[in-house]
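Chemist: This is a predicted model, with the sequence first.
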Amino acid sequence: MSDNNKSLLNDAGILNLEDASVVMISTEWNDRIVDELAAGCKKSLDAYHVTKVNHIQVPGAFELPYACKQYWEATQGTGNQPGAIIAFGCVIRGETPHFDYVCKAVTEGILQLNLQLPVPVIFGILTVDNEQQALDRLGGAHGHKGEEAAITALKMIALQRSLAKS
């Protein structure tokens, strides 16, 4: 794990969130990598006794912002709205500028959701040059980005709850 993210794994502020609800929205594309991101996330959520976890899939990374927004809207008024949404995907650079377009669109889409929705949307999309870089982020030299996304979601839920009490 890199030194840059050791503080992220610190669980300060994650107290009594067993009632939290999290939805993971992941891509089918690069499924071997993305499935491991989701598994790491679920493992971390389980460690904090978060049992309200839903997981849906979309074809690719470009569809993630749409699916996040549609999930939020579909659950409005149902009592099943999540406290956080985590978007998981993996975009690997190829020989064309397609990588750049997809990464930019997904990043901007997730940013816009964070500004529009009343819950955090966690950016769990790996944007890497090759498959080895992705594997290094599944428990290798750069930590496990799925686990980190879960911790980030829980910290943001805790932040949102503390602000609501202010």
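Modeler: Now that the structure is in, tell me what you want to look at.

Chemist: Pull the residues that contact the lowest-mean-pLDDT helix or strand in the chain.
Modeler: Sorting the helices and strands of the chain by mean pLDDT, DSSP states H and E puts strand 138-140 at the bottom, at a mean of 91. Strand 138-140 has contacts (Cβ atoms under 8 Å, 6 or more residues apart in numbering) with 33, 36-37, 40, 144-146. Just so you know, the C-beta spots here come from the backbone N, C-alpha and C atoms, and that holds for glycine as well.

Chemist: Residue 89: neighbouring residues, count only.
Modeler: Using other Cβ atoms under 10 Å, residue 89 is surrounded by 27 other residues.

Chemist: Which elements pack onto the helix or strand containing it?
Modeler: Per DSSP states H and E, residue 89 falls inside strand 84-92. Identification of packing neighbours for strand 84-92 by 3 or more Cβ pairs under 8 Å, 6 or more residues apart in numbering; DSSP states H and E yields strand 21-27, helix 31-47, helix 64-75, helix 98-116, strand 121-128, helix 131-135, helix 145-165.

Chemist: Return the distance of that strand from the chain's centre.
Modeler: Relative to its chain's centre, strand 84-92 lies at 5 Å (Cα atoms, centre = their mean, to the nearest Å).

Chemist: Same question for stretch 94-113.
Modeler: Centroid separation between stretch 94-113 and its chain, computed with Cα atoms, centre = their mean, is 16 Å.

Chemist: Return the distance of the residue nearest in space to the middle of the chain relative to residue 100.
Modeler: Central residue of the chain (Cα atoms, centre = their mean): residue 86, 2.8 Å from the mean position. Remark: distance between residue 86 and residue 100 (Cβ to Cβ, to the nearest Å) = 24 Å.
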